[in-house]
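> Need coordinates for the following:
(chains A and B)
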Amino acid sequence: MSLRLMSRSVLYFVLAVLAASLLGSVIQSQFNLAQIAALGAEVPPALWWSTTLEDMVGFGPLYAAMMAVALLPALLVAALVCRWLPPGEALRLTVFAAAGAVGIFAAFQLANMAAPMPTLIAATRGLGGTLAMMLSGALGGWVFARLHSLDQRLPQHTPA
Amino acid sequence: MTRFFQIVRSHFWSGFTLSGCALLFSAAAHAADYRVETVAEGLSHPWSLAFLPDGRMLVTERTGTLRLIEADGQLRETPVSGVPEAFVSGQAGLKDVVLAPDFEDSREVFISYACGTRRANATCLARGQWQDDGLTEVEVVFRASPDKTGDAHYGARLAFLPDDTLVLTLGDGFDYREAAQNPGSHIGKTVRLHRDGSVPEDNPFVGHEGVLPEIYTLGHRNPQAIVYDSEGERLLAHEHGPRGGDEINLLEPGKNYGWPLVTHGKDYTGARITPFESLPGFEPPLLDWTPSIAPAGMTLYRGELFPQWEGQLLVAALAGKRVHRVVLDSDGARDVEQLFGELNERFRDVRTGPDGAVYLLTDSPQGRVLRVMPAIER
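You can find the predicted model right below:
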């Protein structure tokens, strides 16, 4: 792998983790706030969104670290799998997205085994929340693969 | 692999536990000058302590056994017989031990514990007869409903009220926090019971449709201490918050203490549990600890050896590795001093002994019972 490709891959990985962790933070906030609203508390829209933004700062960094650990092996596996598949952008994006979703799901399970509490991330206590949070991993995989695809379509600079 | 996760779990909760091995400590000069003696050691995560009238002590070990300490401090090797089998895992296990107020006549002992299996467990309360240094005629008088999975947040502290009823605290099971607001569930509540587990007719929700009649107060997370102040005629409890939001509360029948709708704490992940720190209809705490100290046992000191602590709360802290001295006044409660930090121990419980000394339980696989006495004999 050339240095240029490697540095680009690192950049795309960071962008993928950022996108995935921001989406995951927003999703988990909606689940938590929905539970509070279901208990009868009125949550005005301004408070709803300020809490969502606050979670991006409070919850986002931990989730980004978790996402990075989850995506690294997941994307490597996805890249290997794609070598054996027929060419096609849609299939490639699907494989990377699926790998991201499975990767973050595995990270949830490992975190729950290691942490003393039954479920570390409250939004993943139920099936619906777990599936919704897996979407964030899927986005991470998709963003990484898509950025690579776009990169390969750009004209390559050659020294004069 | 399992061992790896056990190690990670134990360190995650509230830091590493260090245990000393010295038999006698002399504290440095403090506002309250004291010395600390080791009464007994080698206890497996001691959780609660009860004083028998003959000078001996009963100590629960979270790992499922009840131990007897002789008056001279000798820890009897054989555990007390007749103790109900506890579900032991994580925070689950044997919990509180309390003697009936008329113990000398009735010989009744009450024990709370986690019962059931990993997939279906609850907080249970058993009553037994103290006979020949063992428990007999043991019966389960209460089991919290519904069952839950996991091994966290049982509450399980007990206090007798002057009318001979008892109040039992019940945790939210960690994953079931919303159930603390569900009046059809015991999760995240305190319950008031007669000694046989039956419901007192004057419980606040007796006759209310859809509300369990045992419920005394609602909206608790993991209440790990409860004491009745006979002079102030009030019931005080504290609860272990998430990241921040540890609270001391004045418990009054039928009141709602807000969890998880109202808290000063955040989730361990840093996420907001709720946007609200207070709401109408929910009782505010007398004292809030943010950041957390991880409060465990608590005593309201009444004794002659430390007159300067008379009528004040001593709150054991696990993560904080201190005992917090809390003054109660008309404005609420104030944390005024942190004691015993030089021992560098996680404190699971703190009790006032019949001799006026303060007794501490340290939380570790080699836990100890410590006695705190004035530095100078009075």
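> Contact residues of chain A facing chain B?
A:25, A:28-29, A:32-33, A:35-36, A:38-41, A:43, A:47-48, A:50-51, A:54-55, A:58-59, A:61-63, A:113-122, A:125 (Cβ under 8 Å from any Cβ of the partner chain). Heads up, the C-betas are built off the backbone N, CA and C, glycines and all.
> Is the residue of the stretch 1-150 of chain B found nearest chain A part of a helix or strand, or is it coil?
Nearest residue of the stretch 1-150 of chain B to chain A, counting by Cβ to the nearest Cβ: B:Gly150, 3.5 Å away. At B:Gly150 the chain is in coil, as set by DSSP: H, G, I helix; E, B strand; the rest coil.
> I'd like to check which residues are in contact with the nearest residue to it once chain neighbours are set aside.
Closest residue to B:Gly150 apart from its sequence neighbours, by Cβ to Cβ, 6 or more residues apart in numbering or on different chains: A:Pro118 at 3.5 Å. Listed by Cβ atoms under 8 Å, 6 or more residues apart in numbering or on different chains, the contact partners of A:Pro118 are A:112, B:149-152, B:173-175.
> Any residues of the stretch 151-300 of chain B in contact with chain A? List them.
So the stretch 151-300 of chain B meets chain A at B:151-152, B:173-175, B:177-178, B:181, B:260-261, B:266-276, B:279 (Cβ under 8 Å from any Cβ).
> Help me confirm that B:Ala333 comes into contact with B:Val327.
Yes: counting by Cβ atoms under 8 Å, B:Ala333 does reach B:Val327; the two are 6.9 Å apart.
> more crowded one of these two?
When neighbours are counted by other Cβ atoms under 10 Å in any protein chain shown, B:Ala333 and B:Val327 differ, and B:Ala333 comes out ahead with 22 against 15.
> For the strand or helix carrying that one, which strands pair with it and how are they oriented?
According to DSSP states H and E, B:Ala333 maps onto strand B:332-339. Applying DSSP bridges, strand B:332-339 is found paired with strand B:323-329 (antiparallel).
> Just the buried residues of the strand it pairs with, please?
By 16 or more other Cβ atoms under 10 Å in any protein chain shown, the buried positions in strand B:323-329 come out as B:323-326, B:328.
> measure the nearest residue to B:Tyr301 once chain neighbours are set aside to B:Val323 for me?
The shortest distance from B:Tyr301 to any non-neighbouring residue, by Cβ to Cβ, 6+ apart, is to B:Trp309 (4.4 Å). Using Cβ to Cβ, to the nearest Å, B:Trp309 is found at 11 Å from B:Val323.
> coming back round to it: so what sits against both of B:Ala333 and B:Val327?
B:Leu313.
> for chain A, which helix is longest?
Longest helix in chain A, counting residues (DSSP state H): helix A:3-38.
> What are the buried residues along that helix?
So, applying 16+ other Cβ under 10 Å, buried residues of helix A:3-38: A:9, A:12-13, A:16-33, A:35-36.
> Listing request: residues of the chain with sub-threshold pLDDT.
The chain I'm using is chain A. Within chain A, the segments meeting pLDDT under 70 span A:1, A:154-160.
> Actually, chain B is the one I wanted.
In the predicted model of chain B, residues B:1-32, B:377-378 satisfy pLDDT under 70.
> Would you map the helices across it?
B:2-14, B:103-106.
> just checking, what packs against the last one?
This points to helix B:103-106. Contacting helix B:103-106 under the criterion 3 or more Cβ pairs under 8 Å, 6 or more residues apart in numbering or on different chains; DSSP states H and E is no other helix or strand.
> which residues touch it?
Contacts of helix B:103-106 (Cβ under 8 Å, 6+ apart): B:53, B:100, B:109, B:130.
> Alpha carbons of it, as PDB, please.
The C-alpha coordinates for helix B:103-106 follow below in PDB (Å, rounded to 0.1, in the frame of the first residue of the first chain):
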ATOM      1  CA  PHE B 103     -34.900  -9.700  69.700                       C
ATOM      2  CA  GLU B 104     -34.200 -10.800  73.200                       C
ATOM      3  CA  ASP B 105     -37.800 -12.200  73.400                       C
ATOM      4  CA  SER B 106     -38.600 -13.000  69.800                       C
END
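> Now do the buried residues in that helix.
Neighbour-count burial for helix B:103-106, counted by 16+ other Cβ under 10 Å, picks out B:Phe103.
> B:Asp133 contacts B:Arg67, doesn't it?
No: if you go by Cβ under 8 Å, B:Asp133 and B:Arg67 don't touch, sitting 11.2 Å apart.
> In terms of neighbours, single out the busier of the two.
Each of B:Asp133 and B:Arg67 has its neighbours counted (other Cβ under 10 Å); B:Arg67 has more, 22 against 13.
> my read: the more buried one touches B:Glu41, true?
No: taking contacts as Cβ under 8 Å, B:Arg67 lies outside contact range of B:Glu41: 11.5 Å.
> Name the residues contacting each of these two.
Joint contacts of B:Arg67 and B:Glu41 (Cβ under 8 Å, 6+ apart) are B:Leu75.
> Just to check, B:Thr60 is in contact with B:Lys95?
Yes: B:Thr60 lies in contact with B:Lys95 (Cβ under 8 Å); the separation is 6.4 Å.
> Which of those two has more residues huddled nearby?
Legend: neighbour count by other Cβ under 10 Å for B:Thr60 and B:Lys95, higher for B:Thr60 (31 against 26).
> Who are the contact partners of the more buried one?
Going by Cβ under 8 Å, 6+ apart, B:Thr60 touches B:46-49, B:66-67, B:94-97, B:111.
> Show me those residues that map onto strands.
B:46-49, B:66-67, B:94-97, B:111 (DSSP state E).
> want to throw these into JSON lines with distance to B:Arg157?
What follows is the ones in strands among the contacts of B:Thr60, written out as JSON lines (distance: Cβ to Cβ, whole Å):
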{"residue": "B:Pro46", "distance to B:Arg157": "15"}
{"residue": "B:Trp47", "distance to B:Arg157": "10"}
{"residue": "B:Ser48", "distance to B:Arg157": "8"}
{"residue": "B:Leu49", "distance to B:Arg157": "12"}
{"residue": "B:Leu66", "distance to B:Arg157": "16"}
{"residue": "B:Arg67", "distance to B:Arg157": "19"}
{"residue": "B:Leu94", "distance to B:Arg157": "13"}
{"residue": "B:Lys95", "distance to B:Arg157": "7"}
{"residue": "B:Asp96", "distance to B:Arg157": "5"}
{"residue": "B:Val97", "distance to B:Arg157": "11"}
{"residue": "B:Ile111", "distance to B:Arg157": "12"}
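> Strands of the stretch 1-150 of chain B, start to end?
Under the criterion DSSP state E, counting those that start in this stretch, the stretch 1-150 of chain B contains strands at B:24-26, B:34-43, B:46-51, B:57-61, B:65-69, B:94-99, B:108-116, B:121-131, B:134-143.
> could I get those as TSV with distance to B:Gln224?
Below are those laid out as TSV (distance: least, Cβ to Cβ, whole Å):
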stretch	distance to B:Gln224
strand B:24-26	25
strand B:34-43	18
strand B:46-51	10
strand B:57-61	13
strand B:65-69	19
strand B:94-99	9
strand B:108-116	11
strand B:121-131	12
strand B:134-143	18
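> Which one, of these, ends up nearest to A:Pro87?
strand B:121-131 (53.3 Å; Cβ to Cβ).
> quick one, the closest one and strand B:65-69 angle?
40 degrees (axes from the mean of the first three to the mean of the last three Cα atoms, to 10 degrees).
> in strand B:121-131, what counts as buried?
Of all the residues in strand B:121-131, those buried under the rule 16+ other Cβ under 10 Å are B:121-128, B:130.
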